[in-house]
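1. My questions are about this predicted structure, shown below with the sequence.
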Amino acid sequence: MVAPSKSSLPNLLSAVRILLMPTALMAAFAGSKPWFAVVLAVALATDAIDGMIARWLHAESDFGRKLDSAADYLTLMGGLAGIALLWPDIMRRELPWVATGLTMFFAVIVYGLLRLGRAPCYHTWIAKVAAVGCALSLVPLLGEWSEVPFHWAMALQILGGVEELLMILLIPWHQGEVPTLWHALKLRRNHRKAESVPS
């Protein structure tokens with residue numbers, strides 16, 4: 001049996017995140033809050049480290065970005081479904097924030113599909129911070145301690161969505177990781193300069 005190479009480790013973590021979602025949903029349907037929380041926490045942990053490991057190993061790839069994004073989508077939907085099943089009162093109370101965050105999340109995907117022919121995989125700095133913030137905010141939210149960290153995380157998610165919509169507008173071609181709107185502006189300038197140079 002051939003052992004997986006180090007360069008495949010980030011993709012393996014993304015695949016594990018995808019495979020964990022059915023387990024999390026089974027725990028939610030069984031009414032087990034502890035098991036759901038543990039499985040979701042493990043999935044969110046892989047999301048926090050797979051990108052760092054990819055950069056550390058110089059194993060970034062277009063396939064890896066797509067797999068990571070697909071795992072993010074499934075974790076988001078699976079996590080929300082489980083929370084709605086196990087903490088329905090909290091979900092009802094926070095529905096305006098959740099709905100606004102989801103609307104912005106899917107607006108980026110839809111606009112990317114229309115303008116680029118594919119969902120963008122920018123993995124911006126704001127998106128990364130928002131993902132970590134959202135994961136951490138679940139502890140005080142589901143523990144009924146405070147909903148404020150969750151609101152801040154959702155506000156950051158919305159801000160990140162606006163940034164990505166502007167980035168799609170600025171660079172209407174497929175592009176890998178673009179950390180910020182400033183980087184997108186720089187890419188656009190360089191692209192225009194290259195186009196203006198006579199061949």
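-> That came through, no problem.
2. contacting residues for the residue nearest to the spatial centre of the chain?
-> In the chain, the residue lying closest to the centroid (C-alpha atoms, centre = their mean) is residue 72, at 4.5 Å. Residue 72 is in contact with 47, 131, counting by C-beta atoms under 8 Å, 6 or more residues apart in numbering. All C-beta spots, glycine's among them, are computed from the backbone N, C-alpha and C.
3. again, only this time at 7 Å
-> By C-beta atoms under 7 Å, 6 or more residues apart in numbering, the residues touching residue 72 are residue 47.
4. Report the helix or strand with the lowest average pLDDT across this structure.
-> Using mean pLDDT, DSSP states H and E, helix 33-56 stands out as the lowest-scoring helix or strand of the chain, at a mean of 83.
5. May I have it as CSV, with CA atoms only?
-> What follows is helix 33-56, C-alpha atoms only, in CSV (Å, rounded to 0.1, in the frame of the first residue of the first chain):
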residue,chain,number,x,y,z
LYS,A,33,-25.6,17.6,21.2
PRO,A,34,-22.2,16.5,22.5
TRP,A,35,-21.4,14.2,19.6
PHE,A,36,-22.6,16.8,17.1
ALA,A,37,-20.5,19.5,18.7
VAL,A,38,-17.4,17.2,18.8
VAL,A,39,-17.7,16.2,15.1
LEU,A,40,-18.4,19.8,14.0
ALA,A,41,-15.4,21.0,16.0
VAL,A,42,-13.1,18.5,14.3
ALA,A,43,-14.5,19.5,10.9
LEU,A,44,-13.9,23.2,11.7
ALA,A,45,-10.4,22.4,13.0
THR,A,46,-9.5,20.8,9.6
ASP,A,47,-10.8,24.0,7.9
ALA,A,48,-8.5,26.1,10.1
ILE,A,49,-5.3,24.2,9.3
ASP,A,50,-5.6,22.7,5.8
GLY,A,51,-4.8,26.0,4.1
MET,A,52,-1.8,26.7,6.4
ILE,A,53,-0.4,23.2,5.8
ALA,A,54,-0.8,23.6,2.0
ARG,A,55,1.2,26.9,2.1
TRP,A,56,3.8,25.4,4.4
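6. which outside residues touch it?
-> Contacts of helix 33-56 with the rest of the structure, by C-beta under 7 Å, 6+ apart, involve 9-10, 13-14, 16-17, 20-21, 23-24, 27-28, 60, 64, 68, 72, 75, 79, 82, 86, 123, 131-132, 135.
7. If anything else comes up later, I'll come back, but that's it for now.
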